[in-house]
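J.: Okay, here's the prediction I keep looking at, along with the sequence it came from:
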Amino acid sequence: MITPDYCRTMARYNAWQNRSMRLAMETLSLAELLKDRGAFFGSILGTANHLLWGDAMWMSRFSDWPKPNLPGAESPRYMPTLATWGAERFRLDAHILYWSDHVKALDLTGDLSWYSGVAATQMRKPRALLVMQLFNHQTHHRGQIHAMLTAAGCRTQDTDLPYMPQQGPWL
């Protein structure tokens, strides 16, 4: 279904896009980042926090990353400021890059079982599908953030995969 090369490409894309998003977010005040913009998670920072929370939750299932210390319903408040969000985003993106550089084809086979607090049930799905979910979830919510940043007057960078630099900086 997917390969280690897919994981490496998407991990680089994730880090590249998060860096770009952070640079745009840094042009706004905390009040602007927290302003309710009608998105599902309210604000730019709320949506960025939800995305960070989701990435941390999936990586806790795929690797040795610690599970977030709050439930999914509270994910928009995961990090209180852009500085704390940026530091944690940097750490997690570095971990996702490291994980992707070491993932083997065998690691993408079989099922993964976990308890989903969001769905309040035990789950079991193909591991490859869940890795695809990690990357799809990132792209989905970054698209929302991109739209909110654009509406707030921020200059954003390209988001298309063919324009991703062949070399870093990813972070």
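T.: The structure has been received and is ready for your questions. Numbers count the residues shown, from 1 in each chain.
J.: What backbone torsions are found at G42?
T.: Torsion angles at G42 (phi, psi; degrees, to the nearest 10) stand at phi 80, psi -80.
J.: any weak-confidence spans in the protein?
T.: Residues of the chain that meet the criterion pLDDT under 70 lie in 170-171.
J.: Show me what the longest helix along the chain is in contact with.
T.: Counting by DSSP state H, the longest helix found in the chain is helix 127-151. Contacts to helix 127-151, defined as C-beta atoms under 8 Å, 6 or more residues apart in numbering, come from residues 1-2, 7, 10, 13-14, 17-18, 21, 24-25, 28, 37, 39-41, 43-44, 47-48, 50-51, 54-55, 58-59, 61-62, 107-112, 156, 159. Glycine gets a C-beta too; all of them are placed from N, C-alpha and C.
J.: quick one: the helices in this protein?
T.: 4-25, 30-34, 44-62, 82-102, 127-151.
J.: other SSEs contacting the second one?
T.: So that's helix 30-34. helix 44-62 (3 or more C-beta pairs under 8 Å, 6 or more residues apart in numbering; DSSP states H and E).
J.: mind listing what E88 touches?
T.: 52, 78-79.
J.: how about a cut-off of 6 Å?
T.: Neighbouring residues of E88 by C-beta atoms under 6 Å, 6 or more residues apart in numbering: M79.
J.: which ones are touching C154?
T.: Taking C-beta under 6 Å, 6+ apart as the test, what C154 contacts is 24, 27.
J.: likewise A73?
T.: Applying C-beta under 6 Å, 6+ apart, no residues qualify as near A73.
J.: try 8 Å this time
T.: With C-beta under 8 Å, 6+ apart, A73 has these contacts: V118.
J.: K35 versus the closest residue to S100 other than its chain neighbours, what's the distance?
T.: In this structure, S100 finds its nearest non-sequential neighbour in A11, 3.6 Å apart by C-beta to C-beta, 6 or more residues apart in numbering. Using C-beta to C-beta, to the nearest Å, we find A11 at a distance of 31 Å from K35.
J.: These two: which is more packed in?
T.: For A11 and K35, the more surrounded residue by other C-beta atoms under 10 Å is A11, and the numbers stand at 24 against 17.
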